[in-house]
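K.L.:
quick one, fold the following:
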Amino acid sequence: MKKISFPYGQTYLDYEFKDEELAGVLTSSIEEYIPKFDGKELVRSALQSPVESERLCDLSKGKQNIVIIASDHTRPVPSKIIIPEMLSEIRKGNPNADITILIATGCHRGTTQQELIDKFGEEIVENEKIYIHDCDEREKLVNIGVLPSGEQCEINKIAFDADLLVAEGFIEPHFFAGFSGGRKSVLPGIAGRATVLANHCSEFIAHKKARTGILKDNPIHNDMIWAAKKVKLAFIVNVVLNSKKEPIFAVAGDLEKAHKKGTDFIASLCAVKAVPADIVISTNGGYPLDQNVYQAVKGMTAAEATVNDGGVIIMLAKSNDGTGGDHFYHQLADEADINKTMNVFLSRGRNETMPDQWQTQILLRILSKAKVIYVSDMADVIVENMHMIPANSLEEAIAKAKKMIAKENITLTAIPDGVSVVIINN
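P.N.:
Alright, predicted model coming up:
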């Protein structure tokens with residue numbers, strides 16, 4: 001018997017697997033990596049030795065209006081560690097700088113006051129200037145040109161007007177942008193809705209290079225890097241996290257070069273070979289990434305990469321914040337035929353993308369390969385309306401999955417953290 005703990009919200013769901021049924025456990029080597037320093041020292045060291053860039057304290061000299069793009073409540077970025085170090089470095093070079101922390105919500109809902117406090121701590125929330133980006137706030141958007149995808153690129157004016165624009169973030173495998181971090185702070189982070197929709201069009205989402213761990217020739221990444229360079233994102237501070245959301249690696253410096261150093265590091269640890277199985281269990285790594293179904297699609301793509309055709313994916317995501325969006329929910333719930341919905345999406349041009357279409361498209365792709373049993377705190381009817389099968393516990397989900405497979409010698413693969421791995425099929 002082998003006991004495995006799966007992150008679920010801020011707790012864990014445990015299950016003991018029989019040795020003969022457990023085909024494999026797919027985890028990154030991140031958990032085995034032992035950093036030289038704690039998180040604060042890692043960030044501080046990265047700031048002192050930036051990649052292909054002057055130090056932030058030197059960049060800030062003579063720059064009056066400085067903007068720090070910070071992640072929102074849906075990302076586990078340890079801002080309590082990163083932001084104080086960035087502020088200290090900026091003020092070391094320019095004590096009188098006018099600093100704004102711009103929250104990169106993308107198309108997410110606005111971050112609440114309590115979520116800001118949880119993320120940054122009371123001192124920063126009380127004493128620093130913070131502005132929450134709203135992708136629909138037209139008066140705060142400015143057009144900076146045409147993306148490689150052909151759509152107009154609109155970016156938050158606060159960032160555009162900055163004398164110096166910098167960003168914090170974290171790097172992990174991303175299910176269509178290749179990796180998170182770096183340029184994503186700008187697009188989708190502080191972009192207008194139309195710009196995000198064009199970047200996330202069905203054509204690009206269906207592209208073979210728009211997959212986990214791929215940056216080269218990825219059309220979504222190409223748009224993102226163009227936007228970040230055009231708005232003059234001058235400096236980034238990105239971290240890599242373990243399953244406890246603790247920094248184990250930090251990079252700072254040039255938008256592209258520092259990000260590449262981070263992606264090279266994480267790629268060396270998180271690539272794992274697929275272990276095909278009838279049933280694959282995955283998660284979104286627990287809180288804060290498993291607060292809704294929308295985000296949980298990311299963890300499902302890891303299972304998609306290794307589940308047998310016609311198999312069952314068990315997704316564990318607390319989803320205490322619900323579905324993650326009305327558009328996403330209704331695109332699934334309002335049409336019984338998932339193939340019909342997919343065909344509608346694929347027929348739309350780059351400038352005809354509907355909100356949340358990309359996430360729905362990926363979930364439909366997953367559902368066309370395997371059934372999904374969804375373990376969450378949501379009402380069963382909501383899960384059913386989204387073309388998934390509800391379960392209230394991991395034990396119930398596994399029992400249902402085995403009944404659905406209905407054969408001898410059923411195999412299971414476990415992915416304790418689906419967003420931390422890049423699954424290789426060759």
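K.L.:
pLDDT value on Asn425, please?
P.N.:
pLDDT for Asn425: 81.
K.L.:
that one: what's it in contact with?
P.N.:
Under the criterion of C-beta atoms under 8 Å, 6 or more residues apart in numbering, the contact list for Asn425 reads 274, 305-306. C-beta here means a position set from N, CA and C on the backbone, and glycine is covered the same way.
K.L.:
repeat that for 10 Å
P.N.:
By C-beta atoms under 10 Å, 6 or more residues apart in numbering, the residues touching Asn425 are 273-274, 276, 305-306.
K.L.:
for Cys57, see how far away it is.
P.N.:
Separation of Asn425 from Cys57 (C-beta to C-beta, to the nearest Å) stands at 45 Å.
K.L.:
over to Gly192?
P.N.:
From Gly192 to Cys57 the distance is 32 Å (C-beta to C-beta).
K.L.:
would you turn the contacts of Asn425 into TSV with pLDDT and distance to His108?
P.N.:
Listed next are those as TSV, based on pLDDT from 0 to 100; distance: C-beta to C-beta, whole Å:
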residue	pLDDT	distance to His108
Lys273	94	34
Ala274	96	31
Pro276	97	34
Ala305	95	26
Thr306	97	29
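K.L.:
doesn't Gln331 belong to a helix?
P.N.:
Yes. Counting by DSSP: H, G, I helix; E, B strand; the rest coil, Gln331 falls inside a helix.
K.L.:
any idea which element Lys216 lies in?
P.N.:
According to DSSP states H and E, Lys216 maps onto no helix or strand at all.
K.L.:
what is the neighbour count of the nearest residue to it once chain neighbours are set aside?
P.N.:
Of all residues not flanking Lys216 in the chain, Lys209 sits nearest, at 7.3 Å (C-beta to C-beta, 6 or more residues apart in numbering). The number of residues packed near Lys209 is 16, by other C-beta atoms under 10 Å.
K.L.:
please apply the same query to Leu394.
P.N.:
19.
K.L.:
I figured it hits Ile281, correct?
P.N.:
Yes. Using C-beta atoms under 10 Å, Leu394 is in contact with Ile281, at 7.5 Å.
K.L.:
overlap in contacts, the two.
P.N.:
Between them, Leu394 and Ile281 share the contacting residues 4, 6, 13, 15, 314, 316, 373, 375, judged by C-beta under 10 Å, 6+ apart.
K.L.:
let me know the closest of these to Ile144.
P.N.:
Taking C-beta to C-beta as the measure, Ile144 lies nearest Leu316 of the shared contacts of Leu394 and Ile281, at 40.5 Å.
K.L.:
run through the bridge partners of that closest one.
P.N.:
Going by DSSP bridges, Leu316 is paired in beta bridges with Thr283, Val375.
K.L.:
ok, back up a step: would you convert the contacts of Asn425 into CSV that also reports distance to Leu187 and neighbour count?
P.N.:
CSV is the format used below for these (distance: C-beta to C-beta, whole Å; neighbours: other C-beta atoms under 10 Å):
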residue, distance to Leu187, neighbour count
Lys273, 32, 11
Ala274, 31, 17
Pro276, 35, 16
Ala305, 25, 25
Thr306, 30, 25
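K.L.:
in strands, which of those fall?
P.N.:
Within the contacts of Asn425, residues falling in strands by DSSP state E are Lys273.
K.L.:
same list, the contacts of Asn425, but as JSON lines with distance to Gly181 please.
P.N.:
Converted to JSON lines, the contacts of Asn425 look like this (distance: C-beta to C-beta, whole Å):
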{"residue": "Lys273", "distance to Gly181": "24"}
{"residue": "Ala274", "distance to Gly181": "25"}
{"residue": "Pro276", "distance to Gly181": "30"}
{"residue": "Ala305", "distance to Gly181": "21"}
{"residue": "Thr306", "distance to Gly181": "25"}
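K.L.:
which one among the contacts of Asn425 gets closest to Thr263?
P.N.:
Ala305 (18.5 Å).
K.L.:
how many residues are close by the closest residue to Phe160 other than its chain neighbours?
P.N.:
Nearest residue to Phe160 in three dimensions, chain neighbours excluded: Val142, at 4.8 Å (C-beta to C-beta, 6+ apart). Here the number of neighbours of Val142 (other C-beta under 10 Å) works out to 16.
K.L.:
just the pLDDT for the residue nearest to Lys216.
P.N.:
94.
K.L.:
that one: what's it in contact with?
P.N.:
Taking C-beta under 10 Å, 6+ apart, we find Lys209 in contact with 176, 178, 215-222.
K.L.:
buried ones only from those residues, please, as a ChimeraX command.
P.N.:
The following ChimeraX line selects those of the contacts of Lys209 that are buried, judged by 16 or more other C-beta atoms under 10 Å:
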select :176,178,215,218,219,220,221,222
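K.L.:
Serialize the contacts of Lys209 to TSV and add fields for pLDDT and distance to Val344.
P.N.:
Formatted as TSV, the contacts of Lys209 follow (pLDDT from 0 to 100; distance: C-beta to C-beta, whole Å):
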residue	pLDDT	distance to Val344
Phe176	95	19
Gly178	95	27
Leu215	96	30
Lys216	95	30
Asp217	96	27
Asn218	97	24
Pro219	96	21
Ile220	97	21
His221	98	26
Asn222	97	26
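K.L.:
where does pLDDT dip in the protein?
P.N.:
Confidence mapping of the chain against pLDDT under 70 gives the ranges 426.
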